[in-house]
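[1] Fold the following and give me the result.
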Amino acid sequence: MVHGHTSVSILSSICLMTAKSMGLKTVFTEHSLFTYHEFFAIHLNKLMKWVHKDLDAAICVSSACKDNFVLRAKVDPKKTFTIPNAVDFSKFTPDFQIREKELKNTPDRINIVFISRLEYRKGIDLLIPIIPKILAKFENVNFIIGGGGSGMGRLKELIEKHNLHGRIELLGALPHDKVRDVLCRGHIFLNTSLTESFCIAILEAASCGLVVVSTDVGGVPEVLPPHMAYLARPDQKSILRQLCNAVEEVHQLPTETFHQELSEMYSWKQVAERTEKVYEFAMNTETADIFDRLKTAYSWGVIAGFYAMIFSIMEFVTLMVLDIFWPESEIDIVRPMEHQDYSTDPHSFGEHHFFVSNKDERNLLVQTDTVKIDCTYTATRDRIEIVNHKRRFITCNLPRPIVNPIDIDKCTCNAIITNEKKTKVLGNDKVQEKEKKFLALEMDSESCEESP
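    I've put the predicted structure just below:
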């Protein structure tokens, strides 16, 4: 089975088409919304009809996305399923102490957070006129704006023109691991996007305990329960009205319960289970042969359909020739991963992971510049990849080959790594570099009594 993502991905389209010619099952996930009248969208939609017409199954992240995809790609709605995105809620937890600490001297202040690319598609033209009107009406409101883009210059001009230096904080582009800390500083999250198929940003914001004010475009109305969001039409008056309502009512809403509610509604475990059911559906569908492919190609039209048929025939012939010179029987394929077989004889599966229990961190110096760490590692005959307790990867060459790597699944162990200094000559300069060298794995004898 081949699973592709995003209709604008050339790699995905090529792989899906080749997979159908090889008789493999295909599944596609669409994440975006596109129009029907723009020059780019017209030609993209024609390509999608060809690439996706013979899909065994399709997944869309919202019902709005599904309707859009079915109309654009002419895919059978019975083969198209809706599976929403999810969020790692352990990374987006509310922390009201961050906000209380910042607002210690001004407890009545309300922070409105806007984190997005500052571009037309994200509604920068709606955001800029709204800011001075909100700040003029509410003296206790400030804006925190994160993100980069062409709209940054216009925001700086706005601050200078209205003298809003103390009430608008521009953070610039934010790395994803800093987003949660910024969200926890706010009371309200503002989203002014003109098009969204799902909008994970409002889900992350609500998970951190913020009330959401958003345009009701695309799949946005499907994401949050009504008591968590104020939805507005994508125009200034509607957004301004809903933002004013949110500012006046934000302290009356049970924002402390948002995280728990959403964590029960969305999870990657549910996404995986539902995706697995789509895979099962795809595996039970009838596989299209070359004649079905030609019929699909011809449905493009007289001219485009003719060239599509020529391409399909050339691709089919190329695969036949390749099968003569490089038979399928000589290509390694993925082995079925049966948990029971793996538990009985893990070494027959070749290279695989050995999981080690996480004990208390020990930064114990064994010798000069040598450290012992709790770790998980993957071993082959001549190489070891170690992951320490900070999830940082260290790959080292082994001092000698391992003939039969032992299974220490139930053991606690420590990897002993040393930094070996080496001198390299670069031009006229001598440079000293440190190369990490694996010395040994020290196992806890009490936890490894049953291991060889």
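[2] nearest spatial neighbour of Asp95, skipping sequence neighbours?
    Distances taken as C-beta to C-beta, 6 or more residues apart in numbering place Cys184 nearest to Asp95, at 4.6 Å, with adjacent residues excluded. No exception for glycine: its C-beta is placed from N, CA and C like everyone else's.
[3] Distance-wise, check that neighbour relative to Tyr36.
    Separation of Cys184 from Tyr36 (C-beta to C-beta, to the nearest Å) stands at 40 Å.
[4] Please say which of the two ends up with more neighbours.
    Cys184 (20 against 10; other C-beta atoms under 10 Å).
[5] Return the residues in contact with the more buried one.
    Pro94, Asp95, Phe96, Ile98, Arg99, Cys208, Gly209 (C-beta atoms under 8 Å, 6 or more residues apart in numbering).
[6] Show the buried residues in the residues you listed.
    When burial is judged by neighbour count using 16 or more other C-beta atoms under 10 Å, the buried members of those are Pro94, Ile98, Arg99, Cys208, Gly209.
[7] Tell me which residues touch Ala229, please.
    The contact partners of Ala229, by C-beta under 8 Å, 6+ apart, come to Ile202, Ala206, Val211, Val212, Val213, Ser214, Val223.
[8] Which of those residues fall within helices?
    Among the contacts of Ala229, DSSP state H puts Ile202, Ala206 in helices.
[9] So in this protein, which helix runs the longest?
    Longest helix in the chain, counting by DSSP H: helix 302-325.
[10] got the buried residues for that helix?
    In helix 302-325, the ones that count as buried by 16+ other C-beta under 10 Å are Ala304, Gly305, Ala308, Met309, Ser312, Glu315.
[11] contacting residues around the fourth one?
    It refers to Met309. Taking C-beta under 8 Å, 6+ apart, one finds Leu294, Ala297, Tyr298 in contact with Met309.
[12] Narrow those residues to just the buried residues.
    Buried among the contacts of Met309 (16+ other C-beta under 10 Å): Leu294, Ala297.
[13] Now render the contacts of Met309 as a markdown table, adding secondary structure.
    Listed next are the contacts of Met309 as a markdown table, based on DSSP: H, G, I helix; E, B strand; the rest coil:
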| residue | secondary structure |
| --- | --- |
| Leu294 | helix |
| Ala297 | helix |
| Tyr298 | helix |
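[14] got the contacts of Met309 as a markdown table, with distance to Ala86 and pLDDT columns?
    Converted to a markdown table, those look like this (distance: C-beta to C-beta, whole Å; pLDDT from 0 to 100):
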| residue | distance to Ala86 | pLDDT |
| --- | --- | --- |
| Leu294 | 40 | 82 |
| Ala297 | 37 | 77 |
| Tyr298 | 40 | 77 |
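[15] Okay, strands next: where are they in the stretch 251-400 of the chain?
    Under the criterion DSSP state E, counting those that start in this stretch, the stretch 251-400 of the chain contains strands at 352-354, 364-365, 370-379, 383-388, 393-397.
[16] which stretch in those strands has the least confidence?
    Between the strands of the stretch 251-400 of the chain, the lowest average pLDDT goes to strand 364-365, which shows a mean of 31.
[17] May I ask which helix or strand encompasses Val70?
    helix 63-73 (DSSP states H and E).
[18] I would like the residues contacting stretch 11-26, please.
    Contacts of stretch 11-26 (C-beta under 8 Å, 6+ apart): 1-7, 28, 47, 51-52, 54-57, 282-283, 285, 287-290, 293, 312, 315-316, 319.
[19] what does stretch 256-275 give?
    59, 81, 83-89, 92-94, 96, 203, 206-210, 224-225, 228.
[20] which ones among those residues are found in helices?
    When DSSP H defines the helices, the subset of the contacts of stretch 256-275 inside them is Phe96, Leu203, Ala206, Ser207.
[21] Filter the contacts of Ala229 down to the ones in strands?
    Mapping the contacts of Ala229 onto strands (DSSP state E) picks out Val211, Val212, Val213, Ser214.
[22] For those, which two are the farthest from each other?
    Val211 and Ser214 (10.4 Å; C-beta to C-beta).
[23] Return the alpha-carbon coordinates of whichever strand or helix holds Leu135 using CSV.
    Using DSSP H and E, Leu135 falls within helix 124-137. Written as CSV, here are the backbone C-alpha positions of helix 124-137 (Å, rounded to 0.1, in the frame of the first residue of the first chain):
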residue,chain,number,x,y,z
ILE,A,124,-3.5,40.2,7.8
ASP,A,125,-5.7,42.7,5.9
LEU,A,126,-8.5,42.0,8.5
LEU,A,127,-6.2,42.1,11.5
ILE,A,128,-4.5,45.5,11.0
PRO,A,129,-7.7,47.6,10.9
ILE,A,130,-9.2,45.8,13.9
ILE,A,131,-6.3,46.4,16.3
PRO,A,132,-6.6,50.2,16.8
LYS,A,133,-10.4,49.9,17.2
ILE,A,134,-10.1,47.3,19.9
LEU,A,135,-7.4,49.1,21.7
ALA,A,136,-9.3,52.4,21.6
LYS,A,137,-12.5,50.8,23.0
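[24] Nothing else from me, thank you.
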